[in-house]
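**Q** the following block contains a protein sequence and its predicted model.
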Amino acid sequence: MSIKIEKTENANELKLSFEIEAAKFDEAINKVYKESAKYFNIPGFRKGKAPMAMVEKMYGPSIFYEDAFNEVVPEVYEKELKENNIEAVSKPDLDIEQMEKGKDLNFTAIVQIKPEVKLGKYKGIQIKKIEYNVSDEDINHELGHMAERNSRVVAVEGRPVEKGDITVIDFEGTVDGVKFEGGAAEGHELEIGSNTFIPGFEDQIIGMNVEEEKDIKVKFPEDYFSEELKGKDAVFKVKLHEIKKKELPEINDDFAKDTSEFDTLEELKNSIKEKLEEENKSRAKYETEEELIKAVCKEVEIDIPSGMIDTELDNMVKEVETRLSYQGMNMEMYLNMIGKTMADFRKEGEDQAKEAVKTRLVLEQIVKEEKIEPAEEKINEKLEELSKTYGKKAEELKENEYFMEYITKTLAQEQVISLLLENAKIK
């Protein structure tokens, strides 16, 4: 086994030339044959019992080459990357030069590597102080939410629908006189002013009386998720059955007693203020860190390999897919709803992906410059914390090399951010 490493014209790219001994490749061919023999049906032999030579004669001598390549190459490739300290950040672009039974396997792999990061100034960075104060309006807004959560719905009689009412309606929609999927319902509750229906629909319910029927004409938005309906004129036959409204409790001492552990409204307000101040403090800290990191990154120029951006975009897509799954949706449904293709989605996320990669590279470089190594005590604390999250013992997590690398990097970057904050000029 031999490997030759060369730089290409691209500064962040290497060409790796591999030569794997014929004996090792032939061994892989034999292994593949034994694993797949049961699938071959050769005349004159019981299924799976045909000799390799007969299989090769019938299907061609290269029948096992691809699987043998995939059997032997990944392990060799990863081993050589590790031994030569090559940090690959892209999938290899493979070119097979010689692949034949009884001969050495020769192939090249062009791979992108982590770029060089030349840091600029990262200590003494000046940024504006970020802080958020809690106003009476903020407290009253929170009290309003509490009142909403503790409201009761009562029937309305003797008047037509007004904005803010909750209506119970039957509706059936048509486009060009033809019904469409999802365009009909009975006993549907709709809060007027919630903007959950097609624009213009809710406004036309205002003024209707109980048991009144009405044709409501609307136009589906041009960006509507359904290709068949976007931009189309529709008519909904609507019948109003009930009018209801939310009745909010009066916000006073009794409200405080009924909805919290406090006896007076003043005590409840003070508690809300404390909670909002803590939230504002966390928000200001997060935004300060973000601004500081952005300022540090502005001082750095990096030629980011496309493979790193692609990987970051892959991760972004996976995150969105995970969030959508909690809502009973998948990526295809979401893209149809917003009227975009996956190519559009990835293109729009490129800048965000570049910034994320750049930030990570800059923080990693500062870790190296400052020779930061998280203390064993901190690592163990993090392990204990994550063991509860994953439902595994800390000792189990510690045995996972990749998990430990993630923890170490995370803690090191947290120390970098603390270092930047300590040395920043915040005015």
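**A** In hand now; what should we look at? Numbering: from 1, shown residues only.
**Q** would you mind listing the buried residues in the host helix or strand of Val73?
**A** Following DSSP states H and E, one finds Val73 within helix 65-83. If you call a residue buried by 16 or more other C-beta atoms under 10 Å, then helix 65-83 has these buried ones: 65, 67-69, 71-73, 77, 80-81. (C-beta placed from N, C-alpha, C; glycine too.)
**Q** stretch 191-206 too?
**A** Going by neighbour count (16+ other C-beta under 10 Å), the buried part of stretch 191-206 is 191-192, 197-198, 201-202, 204-205.
**Q** same thing with stretch 136-151?
**A** Residues of stretch 136-151 classed as buried: 138-139, 142-143, 146-147 (neighbour count, 16+ other C-beta under 10 Å).
**Q** please enumerate the strands of the stretch 51-200 of the chain.
**A** Under the criterion DSSP state E, counting those that start in this stretch, strands of the stretch 51-200 of the chain are mapped to 93-98, 105-112, 126-127, 152-155, 166-175, 178-191.
**Q** what sits up against the shortest one?
**A** Pointing back at strand 126-127 there. Outside strand 126-127, the residues within contact range by C-beta atoms under 8 Å, 6 or more residues apart in numbering are 288, 291-292, 295, 424-427.
**Q** tell me who's in contact with the residue nearest to Lys121 when sequence neighbours are not counted.
**A** Closest residue to Lys121 apart from its sequence neighbours, by C-beta to C-beta, 6 or more residues apart in numbering: Glu299 at 5.2 Å. When contacts are counted by C-beta under 8 Å, 6+ apart, Glu299 touches 119-122.
**Q** from Lys425, how far out is Glu299?
**A** According to C-beta to C-beta, to the nearest Å, Glu299 and Lys425 sit 15 Å apart.
**Q** for Lys244, same thing?
**A** 58 Å.
**Q** more neighbours, those two?
**A** Per other C-beta atoms under 10 Å, whichever of Lys244 and Lys425 has more neighbours is Lys244, with 15 against 9.
**Q** quick check: buried residues in the helix or strand hosting the more buried one?
**A** Secondary structure from DSSP H and E places Lys244 in strand 233-247. By neighbour count on 16+ other C-beta under 10 Å, the buried set for strand 233-247 is 234, 236, 238-240, 242-243, 245.
**Q** which of those residues sits closest to Arg159?
**A** The nearest member of the buried residues of strand 233-247 to Arg159, counting by C-beta to C-beta, is Ile243 at 7.7 Å.
**Q** same for the helix-or-strand element of the chain with minimal mean pLDDT, what does it pack against?
**A** Least confident helix or strand, the chain: helix 394-398 with a mean of 84, by mean pLDDT, DSSP states H and E. Where contact means 3 or more C-beta pairs under 8 Å, 6 or more residues apart in numbering; DSSP states H and E, helix 394-398 is packed against helix 376-390, helix 401-423.
**Q** how about CSV for those helices, with mean neighbour count and distance to Ser271 added?
**A** Shown next, in CSV, are the helices and strands packed on helix 394-398 (neighbours: other C-beta atoms under 10 Å; distance: least, C-beta to C-beta, whole Å):
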stretch, mean neighbour count, distance to Ser271
helix 376-390, 13, 28
helix 401-423, 15, 30
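**Q** nearest to Leu16, of the ones you listed?
**A** Across these, Leu16 has its closest neighbour in helix 401-423 (22.9 Å, C-beta to C-beta).
**Q** contacts for the helix or strand following the closest one, please.
**A** Using DSSP H and E, the helix or strand that follows helix 401-423 towards the C-terminus is strand 425-426. If you take C-beta under 8 Å, 6+ apart as the criterion, strand 425-426 is touched by 124-129, 288.
**Q** distance of Val362 from Ala375?
**A** Val362 is 23 Å from Ala375, by C-beta to C-beta.
**Q** quick one: which of these two has more around it?
**A** Per other C-beta under 10 Å, whichever of Val362 and Ala375 has more neighbours is Val362, with 21 against 10.
**Q** Lys294 is in contact with that one, correct?
**A** No - between Val362 and Lys294 there is no contact under C-beta atoms under 8 Å: 10.3 Å.
**Q** bridging residues for Leu240?
**A** Here Leu240 shows beta-bridge partners Ile169, assigned using DSSP bridges.
**Q** my guess is it meets Met208, correct?
**A** Yes - Leu240 is within contact range of Met208, at 4.8 Å (criterion: C-beta under 8 Å).
**Q** joint contacts of those two?
**A** 161, 167, 214.
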